[in-house]
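In: no sequence on this one, just coordinates:
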C-alpha cells in the first residue's frame, strides 16, 4: 500500500511547540509577555519548522495556579492583550502555515469565576449544580490529591452555604460538575467559540479527572461516550480540528481514550501524550541502557488509524516520573535531580534537560533525536530549541517557566522593563541569557538551535517516521535502540546509543534487502545493507544516526514493506 499523506490528518507529521504567552515576548514594556510580542516572534517559529503552536492558558485569571484558575473562558487576560490581539496572532500564524491549539481547562474554575460566586451565594442558586457539593466528604469519593504539598483533602468547607465543594487540584479551583448537562453544553460552547476565532483544536487538561464522577451525587452515563460526543461536536465545527489529551495512565487505560478498543477508527481523543515512553526514556538515559525504552515501545498499543501518540522530552511544567517504580524513580533522581529542591511532589523533577546532563550537548541531542524519530507527533516546550535551563529559585513549577532568552543582554531581549518586573526571574549562570540565547545561536552553525532545525527538517522530509509502521530491532548491545519505520514507499532506520562510550551496532531486518544503500539523513557516511538484511554501523558516545532506504516501486520487496 502506498503512503498517502492527507491534509485533514495534518497532526500526524506536525511539529508542536508549547509556549506560555506571558513568558515569551513583551511588546509594550510592562514586563509581561503578550500576544503582540508573540506575533512579532512568529518568524522564529517559522524558521524552526514549527507547524502547530500550543498556547498554555491565556484566559483571565487570578494567577493562583499558573493561569489554570480561570475566571472567564471567553476572554484574554488583560495583561496579555485583547481578543483582537489573539486573532491577529492566529491569522499571522496561519499565514506562515502554522496552526494554533490552546489549553482546554474545564475540570474546574477559579473560585472567583462568576459561576462559582453565584453557586456559593445560595443552595438554590442557578449555578449551584454546576459544581459538586456534599454535606460531608463522602467515604466513596475521590481521595487522590494532585498537589500534596499544598492540599490535604479534595474537599473544602464553604461557610456561606455550610457544605463542602470538591476540588481535585487547589482549593481555590472548585471542580465543575461535568455530569450536569448544562455544564457539558457550556463546554461545547467554549470550544465552539475559540474554534470560530481560528483555533485548530485543544490540548485537553487532565482528561481522566474531567471524566471521573465516582462518589459524586450525579454520574456520567458513559464517560467515553461523552468524550466521543465532544470529538463529534468539534468535527462538525472544523473537520480538521484535534483534541490532544493529557492522559497519564498505564498504556492499556490510556489507549481507551482514543476510542472503542478493537475498532479501526479513533472517535475520542485525536492524540494522547506518551507519558510512559517519556519516563522510560529518562530511565534509559540514567542507566545508559536502551532496554527500558525499548520495552515501553513494544508494550505501547497501536492507536486507531485516525489517532496518534504525542511524544515529548518533558511535560510543560512538571517532568513527572510517577509511572516508574520507586527504585526506578530513585535512579532517575540520583542521575538528574539529586537535590531535594530539584524534585517536585516526590514524583517528578522541576528541571530542564540541559542542566540535568551538566550541559552535555551529546546527551541533549540524543534525546531530541529520539523525540523526532520515535513513533508519534513530536511536542517541543519553548526554549528547548536553544537549550535553556531552569531557575530553581522560582517557586514550584515556575522554575521551568522563565522568560524566553532572545539576546545575551541582562534583559534577555524579552522586555525593556526591569527584570524585577518579569513574571518569573531569568535563568542565571551557565544557562542564562549571556550564554544561551536565540541571537547568538542563529549565527552559529553548530549551535543547539541549528541542530534542532536540522532534526525538524529531516523529520519533515521523512514521512516514514510519522506515517509508517515501527518495529524495534535487535541491536547486539543493550545500550543501543534500533528501530525501523516503514511504509510502502521506503523505510528509515534510526540508531541511538545511550552509552557514554562508542559502540558498533549490528542489527538486521527481513525488510532490508542485501546490497541496498542506506543514506545518512544527517550527513554521516552512508551504509550498505549486508546479506540477510544485516546492517553494521558505528555510533559515537551518545551518538545517533538516521538511515534512509527507498525501495523502487516495482521491486517485489515492497510487498514485505507493506
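Out: Ah, there it is. In this text the structure is predicted, and so the values were computed from the model without any measurement.

In: The nearest residue to residue 501 once chain neighbours are set aside and residue 527, how far apart?
Out: By the measure of Cβ to Cβ, 6 or more residues apart in numbering, the closest residue to residue 501 outside its immediate chain neighbours is residue 541, 5.4 Å from it. Yep, even glycine has a C-beta here, placed from its N, CA and C like the rest. Here residue 541 is placed at a distance of 19 Å from residue 527 (Cβ to Cβ, to the nearest Å).

In: Have a look at these two and say which one is more surrounded.
Out: Set side by side, residue 541 and residue 527 show unequal neighbour counts under other Cβ atoms under 10 Å, the larger going to residue 527 at 21 against 17.

In: isn't the more buried one right next to residue 521, touching?
Out: No - taking contact to mean Cβ atoms under 8 Å, the distance of 11.7 Å between residue 527 and residue 521 leaves them out of contact.

In: any residues in contact with both of the two?
Out: Taking Cβ atoms under 8 Å, 6 or more residues apart in numbering as the contact rule, the neighbours common to residue 527 and residue 521 are residue 547.

In: which intervals of the stretch 151-300 of the chain have sub-threshold pLDDT?
Out: Across the stretch 151-300 of the chain, residues meeting the criterion (pLDDT under 70) sit at 215, 261-265.

In: Let's see that with 90 instead.
Out: Per-residue confidence for the stretch 151-300 of the chain (pLDDT under 90) gives these ranges: 151-152, 212-222, 260-266.

In: Strands of that one, residue ranges please.
Out: In the stretch 151-300 of the chain, the segments counted as strands under DSSP state E, counting those that start in this stretch are 155-158, 163-166, 201-204, 242-245, 271-273.

In: And those: which comes nearest residue 315?
Out: strand 271-273 (7.7 Å; Cβ to Cβ).

In: tell me which residues in stretch 519-527 are buried?
Out: Of the residues in stretch 519-527, those with enough neighbours to count as buried (16 or more other Cβ atoms under 10 Å) are 521, 524, 527.

In: from memory the residue nearest to residue 501 sits against residue 500, does it?
Out: Yes - contact status for residue 541 versus residue 500: in contact at 4.9 Å, counting by Cβ under 8 Å.

In: on that earlier part again, enumerate every residue touching the residue nearest to residue 501.
Out: Residues in contact with residue 541 (Cβ under 8 Å, 6+ apart) are 362, 497, 499, 500, 501, 502.

In: Save the residues you listed as a markdown table, and put in distance to residue 134 and secondary structure too.
Out: Compiled in a markdown table, the contacts of residue 541 are given as follows (distance: Cβ to Cβ, whole Å; DSSP: H, G, I helix; E, B strand; the rest coil):
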| residue | distance to residue 134 | secondary structure |
| --- | --- | --- |
| 362 | 55 | helix |
| 497 | 55 | strand |
| 499 | 55 | coil |
| 500 | 55 | coil |
| 501 | 59 | coil |
| 502 | 62 | coil |
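
In: Buried ones among the residues you listed?
Out: Buried by 16+ other Cβ under 10 Å: 497, 499, out of the contacts of residue 541.

In: pLDDT and distance to residue 30 for the contacts of residue 541 - can I get that in a markdown table?
Out: As requested, the contacts of residue 541 are exported to a markdown table (pLDDT from 0 to 100; distance: Cβ to Cβ, whole Å):
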| residue | pLDDT | distance to residue 30 |
| --- | --- | --- |
| 362 | 98 | 40 |
| 497 | 98 | 47 |
| 499 | 98 | 49 |
| 500 | 98 | 46 |
| 501 | 98 | 51 |
| 502 | 98 | 52 |
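
In: where does the stretch 451-562 of the chain have low pLDDT?
Out: Counting by pLDDT under 90, the stretch 451-562 of the chain has low-confidence residues at 488-490, 511, 513-515, 523-525, 549-562.

In: For it, which segments count as strands?
Out: Listed in chain order, the strands found in the stretch 451-562 of the chain under DSSP E, counting those that start in this stretch are 469-473, 480-486, 491-497, 503-508, 517-520, 527-528, 534-539, 544-549.

In: which stretch among the ones you listed comes nearest residue 49?
Out: Closest approach to residue 49 among the strands of the stretch 451-562 of the chain (Cβ to Cβ): strand 544-549, 15.5 Å.

In: From the contact counts, what lies against the closest one?
Out: Here strand 544-549 is seen to pack against helix 361-373, strand 491-497, strand 517-520, strand 534-539 when contacts are counted using 3 or more Cβ pairs under 8 Å, 6 or more residues apart in numbering; DSSP states H and E.

In: most packed of these?
Out: Per-residue neighbour counts averaged over each of the helices and strands packed on strand 544-549 give the maximum for strand 491-497, namely a mean of 26 (mean count of other Cβ atoms under 10 Å).

In: How confident was the prediction at the nearest residue to residue 466 once chain neighbours are set aside?
Out: Take residue 466 and drop its neighbours on the chain: the residue closest to it by Cβ to Cβ, 6+ apart is residue 13, 3.7 Å away. In the predicted model, residue 13 carries a pLDDT score of 96.
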